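> just the structure for this:
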Amino acid sequence: MGDADRVGTAIEIVESARAEQPVVVVSALAGVTNELVRATDVAAAGRFQEVTDIVTSVRQRHETVGMALVRQKSDYFDSFLAQVTKHTDQIQDILRGISLVGEVSLRARDKIVAIGEKLSSVLFAYSMRLRTLPGVHIDSEDVVVTDENFGAANPDMEATRVSAIRTLYPELERNHIPVLGGFIGRSHGGATTTLGRGGSDYSAAIIGAAIDASEIQIWTDVDGMMTCDPRVIPAAKIIERISYVEAAELAYFGAKVLHPKTIAPAVEKQIPIRVLNTHNVKSGGTLITEQGDPSKTGARAIALKKGITVIHVTASQMLGAHGFLARIFEVFARHRVSVDLVTTSEISVSVTVDNDGPVAAMRPELEKIGTVRVERQQSIVAMVGRGLINHAASGTAAFQVMSGIPISMISFGSSGLNLSFVVSEEHADTAVARLHRALFEERAVEVA
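Coordinates of the predicted model:
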């Protein structure tokens, strides 16, 4: 939600679905979470006047959007302003404490950045009421129960189901429309937690699964999932239907339409997910289900994930020895580093990681195992689709168009869902353009 017009459009979307008894999950106003993160960093650096300026700006922005939506003051609007002031005063107090001690804990950071969604959900619910819609604000912390992995908390689905039934069902029975902020939860110990950046659609899936929703709708700024990021490939096409597993692979490997974890709660309950565009409400979007589109085989889309580092570990003395991989991945586990792709041979292993931050710390330990070579500024170009392993035409076309582009790694799992190439960032856009043209524009291969 960027401004008053976008909030107003979102309210109209909710109004059109009123007969379906919707539960609404909203993200922060565009840019607000980044500002709150900046306020936290500035506070830790001891620059409290800058903190005050940022918090004041955040508060004024919500007040301005609220006023633009209602166009007149009233007692109800004054109540909204009081809620905004309460939340912004709270984070200013926390930030003052951070500036005094000069450091910020992950727990405190979650408490601060969560305010963005709290403010937007209060704004949305009050704006609905002022337009005679029965919106009621519900604190997400009273519904979503998580562990204490601050910054990337994991939901306790059973506890969340119990909370959702207790908190949301009574409002639905009164024909109210509950409005919650995404991205936020509360641990069993009572601490505010966040689900990770971009986690509002994940929140929607968690809550949808908890209340056995008939459908989970993700409203974003594109017409649905597409054959490629349209910002990279303007000729990208909408995918009308896709399976859970294909959508999950695309999200994990860089498609920004969905949070990578969004699919999991829906899969467990077999709830369809529909991705729609707030800027084009007439678009049918993309429907994500277990079956997807059984008539489509081969590549369905191409995802691009930049900012990748490749780590190669080679140890000729490990030829025929057991425990080589275990020793390597023990180092990654100890440093809490997740791996995307893996290729192995008898004497070497190559892996990709999202960033090279931990590499310097891991390198001395890995060098005790073998020779280490690191390639930075790499990208994963992933071709995704069910049945790739049996669809020779897609693979043939991919290898043909990649000719002449230096490749660091190739990965193709037995699931046949994903054929990935790792190339340098300078060649990534070229690789994507070639693949998309061959698979989706030239009709050289019969695919979606």
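> domains in the chain, as residue ranges please.
Annotated domains of the chain cover 4-214, 301-441 [automatic domain parsing].
> nearest to Gly224, out of the ones you listed?
Between Gly224 and those, the tightest spacing by CB to CB is seen for domain 301-441, at 11.0 Å. For the C-beta atoms, the positions are set from N, CA and C on the backbone; glycine is no exception.
> what's the average pLDDT for that closest one?
For domain 301-441, mean pLDDT rounds to 86.
> and if you look at stretch 84-97?
On average, stretch 84-97 scores 91.
> would you list the domains of the chain in JSON lines and tack on mean neighbour count and distance to Ile233?
JSON lines is the format used below for the domains of the chain (neighbours: other CB atoms under 10 Å; distance: least, CB to CB, whole Å):
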{"stretch": "domain 4-214", "mean neighbour count": "19", "distance to Ile233": "21"}
{"stretch": "domain 301-441", "mean neighbour count": "17", "distance to Ile233": "5"}
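> possible to save these as JSON lines with distance to Lys261?
Shown next, in JSON lines, are these (distance: least, CB to CB, whole Å):
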{"stretch": "domain 4-214", "distance to Lys261": "5"}
{"stretch": "domain 301-441", "distance to Lys261": "13"}
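> out of those domains, which is closest to Ile271?
Across the domains of the chain (criterion: CB to CB), the nearest stretch is domain 4-214, sitting at 5.8 Å.
> can you give me the strands for the stretch 201-350 of the chain?
Assigned strands in the stretch 201-350 of the chain, in chain order: 216-220, 241-243, 273-277, 286-289, 301-314, 342-344, 348-353 (criterion: DSSP state E, counting those that start in this stretch).
> centre of the chain to the second one, how far?
Between the mean C-alpha location of strand 241-243 and the chain-wide mean there is a distance of 19 Å, by CA atoms, centre = their mean, to the nearest Å.
> paired strands for that strand, with orientation please.
strand 286-289 (parallel) (DSSP bridges).
> then the fifth one?
Strand partners for strand 301-314, identified by DSSP bridges, are recorded as strand 348-353 (antiparallel), strand 371-384 (antiparallel).
> send the alpha carbons of that strand over as CSV?
Taking only C-alpha atoms (Å, rounded to 0.1, in the frame of the first residue of the first chain), the coordinates of strand 301-314 have been written out as CSV:
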residue,chain,number,x,y,z
ALA,A,301,8.8,-19.9,-15.9
ILE,A,302,12.4,-18.6,-15.3
ALA,A,303,13.5,-17.2,-12.0
LEU,A,304,16.6,-15.1,-11.4
LYS,A,305,18.4,-14.8,-8.1
LYS,A,306,21.3,-12.4,-7.9
GLY,A,307,23.7,-11.7,-5.0
ILE,A,308,24.9,-15.3,-4.9
THR,A,309,28.3,-16.6,-3.8
VAL,A,310,29.7,-20.0,-4.9
ILE,A,311,32.0,-21.9,-2.6
HIS,A,312,34.1,-24.8,-4.1
VAL,A,313,35.9,-27.2,-1.8
THR,A,314,38.3,-29.7,-3.3
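> got phi/psi on Pro22?
Per-residue torsions, Pro22: phi -80, psi 150 (degrees, to the nearest 10).
> okay, it: pLDDT?
96.
> please enumerate the strands of the stretch 1-150 of the chain.
24-26, 135-137, 145-146.
> any chance of the ones you listed in TSV, plus distance to Ile184?
Shown next, in TSV, are the strands of the stretch 1-150 of the chain (distance: least, CB to CB, whole Å):
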stretch	distance to Ile184
strand 24-26	10
strand 135-137	13
strand 145-146	9
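> regarding Phe421, what is its secondary structure?
Here Phe421 is recorded as strand under DSSP: H, G, I helix; E, B strand; the rest coil.
> how far away is it from Val374?
Taking CB to CB, to the nearest Å as the measure, Phe421 falls 19 Å from Val374.
> the closest residue to Ile165 other than its chain neighbours and Glu117, how far apart?
Of all residues not flanking Ile165 in the chain, Ile211 sits nearest, at 7.3 Å (CB to CB, 6 or more residues apart in numbering). From Ile211 across to Glu117, the span is 19 Å (CB to CB).
> what does Ile302 give?
In terms of CB to CB, Ile302 sits 32 Å off from Glu117.
> what of His436?
In terms of CB to CB, His436 sits 35 Å off from Glu117.
> just the helices in the stretch 201-350 of the chain please.
For the stretch 201-350 of the chain, the helices defined by DSSP state H, counting those that start in this stretch occupy 244-252, 263-269, 324-334.
> okay, Ala236: pLDDT?
91.
> I'd say it and Asp223 touch.
No: with contact defined as CB atoms under 8 Å, Ala236 does not count as touching Asp223 (9.8 Å).
> who touches the residue nearest to Ile165 in this structure?
23, 161, 164-165, 168-169 (CB atoms under 8 Å, 6 or more residues apart in numbering).
> can you list those residues in a markdown table and add secondary structure and distance to Glu367?
Shown next, in a markdown table, are these (DSSP: H, G, I helix; E, B strand; the rest coil; distance: CB to CB, whole Å):
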| residue | secondary structure | distance to Glu367 |
| --- | --- | --- |
| Val23 | coil | 52 |
| Arg161 | helix | 48 |
| Ala164 | helix | 50 |
| Ile165 | helix | 54 |
| Leu168 | coil | 54 |
| Tyr169 | helix | 57 |
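> cool, thanks, signing off.
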